[in-house]
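Asker: Quick one: sequence plus predicted model below, questions after.
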Amino acid sequence: MGYGYQTSQSTMRSVSRAQRDFDIMSMRSMQVNNSPAQIQPWVDDGEGSMISDHYAGGDGYGYSQVRTVSSNAGGSAMGTMRRTLSGTLASRSGDWQEEDQLYVNNVKPRGPAVRTLSRLNQNASRQNRMSMGSVSGSSTIQQQKMGGGNYVQCSNGSYGSLPITRAMSTMSLKSMTKGMDTFDGQEHISVGGKINDGFSDIDMHSAVEYLVASDPALQVLGAAYIQHECYNSTDAKNQAHSLKAIPRLVKLFNYPNQEVQRYATGAMRNLIYDNMQNKTALIEESGIPQLIEALREPDDELRKNVTGILWNLSSKDNLKDKLASETMSELTERVLVPLSQSDNQQSASESEIFYNTTGCLRNLSSVNEKVRQQMRECRGLVDSLVSYIQRSVETGKAEDKGVENAVCTLRNLSFQLYTEIPPSASMRLEGPSRRQDEGPGDVIGCFTPQSKKTKKKQVNDQLTFSEVAKDPKGMEWLWHPQIVSVYNRVLQRCEINSSTREAAAGALQNITAGDKRWAAVLSRVAMEQERILPTILDNLRTNNDQELRSLTGFLRNLSRYARNKDDMATKVVKNVLVKLPSDSSQTEPSSDVIINICGVLNNLVMGSSVAARDIAFFDGLQKLVPIKNNRNSASREKAAKAAMTVLGNMYHYNKLHRDYKLKGFRKEDFIDTSI
């Protein structure tokens with residue numbers, strides 16, 4: 001019957017996971033041998049999962065981008081490997097996008113510039129209620145009606161407090177790696193009538209000129225107008241660009257007046273949103289060093305704007321290398337480390353700053369090997385992410401979006417881990433006594449799990465723990481046995497945010513993928529020390545295809561390295577068969593999930609007749625045979641070959657032929673007799 005635990009909990013999970021966020025895992029190639037005379041070898045060097053790529057400065061959940069990377073497993077390959085950027089999916093091959101909100105927050109967060117505009121309005125309202133007399137004993141002020149908005153003008157002609165109606169803020173912005181930005185569905189906030197009442201007498205040209213005025217109030221007015229006009233307006237963004245607003249705003253990022261700084265950075269957030277020309281101009285005007293300098297200011301509103309801009313910039317592949325080299329250490333030192341290691345609970349502003357920062361790092365970690373190496377080696381970065389995840393899980397905050405970004409970043413940094421880590425670390429993990437003739441998993445044939453050779457191998461695996469530090473630091477966290485426990489706790493405690501669960505499963509998939517010795521060690525740590533199998537099987541109840549891809553990919557790796565395949569088969573077979581389509585008309589799950597499940601079944605069947613018996617007993621043949629015969633598309637063709645491999649290996653067990661026959665299946669259903 002598999003695992004029948006946590007009924008009420010899993011029911012809640014199945015409801016909460018009905019909504020989708022998309023991500024494509026990597027699919028390792030397999031070698032198909034059509035000869036029925038012996039067990040067909042499935043060249044399975046483990047499932048790997050790529051990369052979590054997030055979006056520019058936002059609340060909610062957006063997309064990731066699919067990348068296809070050619071990969072050949074040893075021997076002939078059944079197809080190329082598809083690796084992704086985790087979190088969610090968008091198609092590089094088309095112009096469509098799809099977004100599903102994982103859960104809806106009842107409170108609509110305000111953009112950072114909205115708050116500053118609100119304070120400005122409040123200050124003005126208080127002054128408007130006061131009698132118009134002397135100000136500071138010298139200059140007098142008058143309330144004038146200008147264009148449709150009320151302004152306070154000093155006797156010297158400069159503008160004082162501005163009762164500007166709240167302008168549209170930057171909102172929460174999200175952008176994918178390929179640069180398509182999208183709103184997250186928030187409603188914009190407006191107060192006090194029409195949103196442009198206060199700007200009736202101003203145009204873009206005068207607003208840009210105000211940016212170089214000597215009066216900070218005029219600079220605020222110009223920046224606020226640009227922010228308002230550029231909200232969701234491509235024409236306004238292009239006009240501001242042509243009028244050279246960007247270099248003028250950059251010069252205000254570190255202006256002595258705090259309100260000017262806030263408005264200048266708020267305007268820039270709207271200017272660069274979904275506008276590659278303006279993003280490029282910001283960088284060309286040395287905007288990144290100015291933003292980093294502004295980040296040092298102890299002002300949360302300003303830091304929210306700055307980190308939001310950096311997150312937005314990080315959505316573009318061609319900007320990521322430069323951003324990584326110029327911002328990574330500063331973001332880690334000034335934001336990530338202090339906010340993740342503080343014993344005090346983060347304030348709302350600090351949470352937003354941390355979320356923006358981890359969103360930026362999540363994007364950067366998805367670009368290439370060079371940046372991944374820089375991030376792994378960045379002092380305090382990995383430690384801070386792990387510390388934040390651990391503390392959040394312990395305090396019941398596993399659903400937080402900052403946790404999602406942190407887990408996704410770690411998943412990215414674990415991609416191709418064993419080929420990208422320093423050679424010295426790789427040599428330690430491989431161990432001095434590694435023998436080339438040892439198989440990847442259980443010994444099949446005369447060597448049983450209780451054999452002398454296998455027991456010696458188990459002792460060797462235990463000794464390898466002396467080759468990693470007792471208390472991991474830095475990049476060692478990525479492959480340390482303790483990280484398995486961290487991901488396991490995330491899977492156990494995260495009930496709502498499927499992106500976080502999917503990323504945790506993807507990270508586990510990455511560190512157990514391949515034919516390296518340490519992948520097998522961590523796989524057995526997960527199975528034997530963490531007892532992770534019940535958690536994985538519980539999570540398999542989801543209908544989220546992206547989560548299923550990572551879960552089944554990880555389960556495929558576990559089945560490859562399992563010491564006792566008989567025991568694993570009794571717990572796993574029924575649970576994975578349930579996820580296979582009942583007939584060829586079903587479009588879900590995806591072919592990648594089907595292939596992963598066939599990989600799990602094949603790994604078990606190759607080492608256990610119990611697995612073949614249970615597949616037949618739980619009506620798996622009724623599902624595998626139609627999959628084998630369904631070749632309606634290229635992806636289904638791959639799934640058909642995977643199912644054919646499982647069926648061919650099942651037929652190897654002669655003692656089960658009678659059971660197959662009683663189920664109504666013949667030899668032709670298992671093997672292609674025409675060959």
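Answerer: That came through fine.

Asker: can you give me the mean pLDDT across stretch 537-548?
Answerer: Averaged across stretch 537-548, the pLDDT comes to 96.

Asker: err, stretch 594-605, not the other one
Answerer: 98.

Asker: What lies in contact with that stretch?
Answerer: 25, 27-28, 30, 42, 44, 47, 441, 549, 552-553, 555-556, 559-560, 562, 565, 568-569, 572-573, 576-577, 579-581, 611-612, 615, 620, 624, 627, 638-639, 642-643, 645-646, 649-650 (Cβ atoms under 8 Å, 6 or more residues apart in numbering). For glycine as for every other residue, the C-beta is placed from the backbone atoms N, C-alpha and C.

Asker: Alpha carbons only: can I get that stretch in PDB?
Answerer: Provided in PDB are the C-alpha atoms of stretch 594-605 (Å, rounded to 0.1, in the frame of the first residue of the first chain):
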ATOM      1  CA  ILE A 594       6.800   9.800 -17.400                       C
ATOM      2  CA  ILE A 595      10.400   9.200 -18.400                       C
ATOM      3  CA  ASN A 596      11.600   9.800 -14.800                       C
ATOM      4  CA  ILE A 597       9.000   7.400 -13.400                       C
ATOM      5  CA  CYS A 598      10.100   4.800 -16.000                       C
ATOM      6  CA  GLY A 599      13.700   5.500 -14.800                       C
ATOM      7  CA  VAL A 600      12.700   4.800 -11.200                       C
ATOM      8  CA  LEU A 601      10.900   1.600 -12.200                       C
ATOM      9  CA  ASN A 602      13.800   0.400 -14.400                       C
ATOM     10  CA  ASN A 603      16.400   1.000 -11.700                       C
ATOM     11  CA  LEU A 604      14.300  -1.100  -9.300                       C
ATOM     12  CA  VAL A 605      13.400  -3.900 -11.800                       C
END
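
Asker: thought Ser559 was touching Lys565?
Answerer: Yes: contact criterion Cβ atoms under 8 Å: Ser559 and Lys565 qualify, at 7.4 Å.

Asker: Neighbour count: these two, which is higher?
Answerer: Just comparing Ser559 and Lys565: by other Cβ atoms under 10 Å the higher neighbour count belongs to Ser559, 29 against 24.

Asker: pLDDT wise, what is that one at?
Answerer: 97.

Asker: which strands and helices sit next to the one helix or strand it maps to?
Answerer: Assignment of secondary structure by DSSP states H and E places Ser559 within helix 545-561. Applying 3 or more Cβ pairs under 8 Å, 6 or more residues apart in numbering; DSSP states H and E, one finds that helix 545-561 makes contact with helix 498-511, helix 517-524, helix 533-539, helix 565-577, helix 591-607.

Asker: Could you rerun that using 7 Å?
Answerer: Applying 3 or more Cβ pairs under 7 Å, 6 or more residues apart in numbering; DSSP states H and E, we find helix 545-561 packed against helix 498-511, helix 517-524, helix 533-539, helix 591-607.

Asker: Of those, which stretch is the most buried?
Answerer: Across the helices and strands packed on helix 545-561, averaging neighbours per residue (mean count of other Cβ atoms under 10 Å) puts helix 498-511 on top, at a mean of 31.

Asker: relative to helix 591-607, how tilted is that one?
Answerer: 40 degrees (axes from the mean of the first three to the mean of the last three Cα atoms, to 10 degrees).

Asker: Could I get the CA-only coordinates of helix 498-511 as CSV?
Answerer: What follows is helix 498-511, C-alpha atoms only, in CSV (Å, rounded to 0.1, in the frame of the first residue of the first chain):
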residue,chain,number,x,y,z
SER,A,498,5.3,24.9,-4.4
SER,A,499,8.2,26.9,-6.0
THR,A,500,10.2,26.4,-2.8
ARG,A,501,9.4,22.7,-2.6
GLU,A,502,10.3,22.3,-6.2
ALA,A,503,13.6,24.1,-5.7
ALA,A,504,14.5,22.0,-2.7
ALA,A,505,13.7,18.8,-4.6
GLY,A,506,15.7,20.1,-7.6
ALA,A,507,18.7,20.8,-5.3
LEU,A,508,18.6,17.3,-3.9
GLN,A,509,18.3,16.0,-7.5
ASN,A,510,21.5,18.0,-8.4
ILE,A,511,23.7,16.8,-5.5
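
Asker: which residues of the chain score low on pLDDT?
Answerer: 1-198, 432-466, 673-675 (pLDDT under 70).

Asker: Please, where are all the strands along it?
Answerer: Ranges of strands within the chain are 66-69, 81-84, 134-135, 139-146, 149-154, 173-175, 181-183, based on DSSP state E.

Asker: Report the separation between the closest residue to Asn632 other than its chain neighbours and Tyr660.
Answerer: Distances taken as Cβ to Cβ, 6 or more residues apart in numbering place Ser584 nearest to Asn632, at 7.4 Å, with adjacent residues excluded. Ser584 sits 21 Å away from Tyr660, going by Cβ to Cβ, to the nearest Å.

Asker: Of these two, give the one with the bigger neighbour count.
Answerer: More crowded of Ser584 and Tyr660, by other Cβ under 10 Å: Tyr660, with 21 against 13.

Asker: tell me the contacts of that one?
Answerer: Ala616, Leu621 (Cβ atoms under 7 Å, 6 or more residues apart in numbering).
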